[in-house]
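just to be clear, the model below is a prediction. Sequence and coordinates:
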Amino acid sequence: MRAKTLMGSALSILIAVGCGTRSAGAEELTVVSFGGAYQDGQSKALFQPAAKALGITLKEETYTGIADLRLKVKAGAVTWDIVASGSGSAARAGTEGILEKLDYKTIDVSHFVPGTYQDYCVGGDVFSTVLAWNTKTYGDKGPQSWADFWDVKKFPGKRSYRNAVAGSLEPALMADGVPADKVYEVLSQPGGIERAIKKIKELKPNIAVWWSSGAQHAQLMKDGEVDMITGWNGRFDVVAKDGAKVAYTFNQALLDNDCYAIAKGAPHKDLAMRFLAEIVKPQYQAEFTKYITYGPTNTTAYTIGAIDPAYAKLLPSYPENAAKQLTINLDWYIKFEQQAAAAYQNMMTE
């Protein structure tokens, strides 16, 4: 009798566990990002609070980029629901068919900064590629335009420039006199890419380091290895707090965003869509600004009293800062990046 009771109890437990597992699986999401301090901030400000609000379990993983997702989709082994991505990478991934199209009836982008959401990816934070300088070299009177960056007589010193085409051609054209609102028009015309490449070649003898990552360009300024550099505003702010002699301007900077997408074949697509709708709400985006000086894509985050007014003025998407910048044109990159990247690499190795 006791054996039967034990067997019955064990069976009941197994059934309960099995039911619980199915229930948890239906309400569990997996999100993947880039790790480090950036994902730590995402987790604390966005991911875990949103999961709690929705009453779901969230699993976090890290990856190196969209290429990792591409392999999973091709293998039919997609285990991730949501992926963090750069806007350009997501735009290309969308055209490849490895991301799900987003439902903007579910996700509210009515107060978003223009250009910070697309069919396959919704912006989570705004950052800027800025012109930065060594304050030990130039003090407060550093370069204020890309023309200044190219002016080696007025501003002698070592430069550093990115070793990839993304965000590299636009400054060159502005330095060459092209108005910001005409940059992509010129780049789309025959000879436009070549014109930008030619301008960079002029500066090449003064480029001491071709940087390849945010960590590297921040370290260059922390170590004082170069006098002037392009790079991401948040990275410079981090090392400035640590004593780096660095300042930058938003004038003629490039406004870009990191975004969130849903993997093609995501195990929990509908829940993932609801999760994205949650994390783009202003209260979450305002909280994320406390971890890095990247601005919200949802402009309402500036009006709910959650961001200190003085601090808000330091963020890239703050209206006065955004007005000084050129927003990255994703359609141009989808169409021309491969061609431009080949020309850029040739220029670097000549």
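Okay, I see it. Numbers count the residues shown, from 1 in each chain.

from now on I want contacts and neighbour counts done on CA atoms only, so please keep to that.
Noted.

can you name the next helix or strand after the strand ranked longest in the chain?
When the chain is parsed with DSSP state E, its longest strand is strand 246-262. For strand 246-262, the succeeding helix or strand toward the C-terminus, using DSSP states H and E, is helix 269-279.

tilt between that following helix and strand 246-262?
Angle of helix 269-279 versus strand 246-262, following axes from the mean of the first three to the mean of the last three Cα atoms, to 10 degrees, is 150 degrees.

ok now helix 269-279, how far from the chain's centre?
The chain centroid and the centroid of helix 269-279 are separated by 19 Å under Cα atoms, centre = their mean, to the nearest Å.

again with stretch 63-70
14 Å.

wait, a helix at residue 29?
No - read with DSSP: H, G, I helix; E, B strand; the rest coil, residue 29 is strand and lies in no helix.

please name the residues that touch it.
With contact taken as Cα atoms under 8 Å, 6 or more residues apart in numbering, residue 29 is in contact with 56, 57, 58, 59, 80, 81, 82, 268, 271, 272.

out of those, who has the most neighbours?
residue 82 (27 neighbours; other Cα atoms under 10 Å).

before we move on, what's the pLDDT of it?
Here the pLDDT value assigned to residue 82 is 98.

wait, it touches residue 30, no?
Yes - contact criterion Cα atoms under 8 Å: residue 82 and residue 30 qualify, at 6.5 Å.

re earlier: so which elements touch the longest strand of the chain?
strand 82-86, helix 87-96, strand 121-134, helix 233-241, helix 269-279, helix 319-322, strand 326-327 (3 or more Cα pairs under 8 Å, 6 or more residues apart in numbering; DSSP states H and E).

now it: how far from the chain's centre is it?
8 Å.

tell me which strands that strand pairs with, and in which orientation.
strand 82-86 (antiparallel), strand 121-134 (antiparallel), strand 326-327 (parallel) (DSSP bridges).

average model confidence for that strand?
97.

now do stretch 37-56
Rounded mean pLDDT across stretch 37-56 is 95.

switch to numbering from 866
I'll keep to 866 as the first residue from here, and by that count the last item is stretch 902-921.

contact partners of it?
889, 892-894, 898, 922-923, 1140, 1143-1144, 1149-1150, 1152-1153, 1156-1157.

hmm, back to that, would you format the contacts of residue 894 as a markdown table with distance to residue 1066 included?
Converted to a markdown table, the contacts of residue 894 look like this (distance: Cα to Cα, whole Å):
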| residue | distance to residue 1066 |
| --- | --- |
| 921 | 53 |
| 922 | 52 |
| 923 | 48 |
| 924 | 47 |
| 945 | 42 |
| 946 | 43 |
| 947 | 40 |
| 1133 | 49 |
| 1136 | 49 |
| 1137 | 45 |
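
farthest pair within the contacts of stretch 902-921?
The widest separation within these, taken as Cα to Cα, falls between 889 and 1157 and amounts to 32.8 Å.

ok, the two, which is more surrounded?
Each of residue 889 and residue 1157 has its neighbours counted (other Cα under 10 Å); residue 1157 has more, 18 against 13.

how near is the closest residue to that one other than its chain neighbours to residue 1212?
Spatial nearest neighbour of residue 1157, chain neighbours left out: residue 1099 (6.0 Å); criterion: Cα to Cα, 6 or more residues apart in numbering. Distance of residue 1099 to residue 1212, given as Cα to Cα, to the nearest Å: 29 Å.

the two: which has the busier surroundings?
Each of residue 1099 and residue 1212 has its neighbours counted (other Cα under 10 Å); residue 1099 has more, 23 against 14.

please name the nearest non-neighbouring residue to the residue positioned nearest the centre of the chain.
Closest to where the C-alpha atoms of the chain average out (Cα atoms, centre = their mean) is residue 1123, at 2.6 Å. Spatial nearest neighbour of residue 1123, chain neighbours left out: residue 951 (4.6 Å); criterion: Cα to Cα, 6+ apart.

burial count for the one you found?
17.

strands along the stretch 916-1065 of the chain, start to end?
Using DSSP state E, counting those that start in this stretch, the strands of the stretch 916-1065 of the chain run over 922-927, 947-951, 982-983, 986-999, 1024-1027.

Serialize the ones you listed to JSON lines and add fields for distance to residue 1085.
Compiled in JSON lines, the strands of the stretch 916-1065 of the chain are given as follows (distance: least, Cα to Cα, whole Å):
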{"stretch": "strand 922-927", "distance to residue 1085": "26"}
{"stretch": "strand 947-951", "distance to residue 1085": "23"}
{"stretch": "strand 982-983", "distance to residue 1085": "32"}
{"stretch": "strand 986-999", "distance to residue 1085": "10"}
{"stretch": "strand 1024-1027", "distance to residue 1085": "9"}
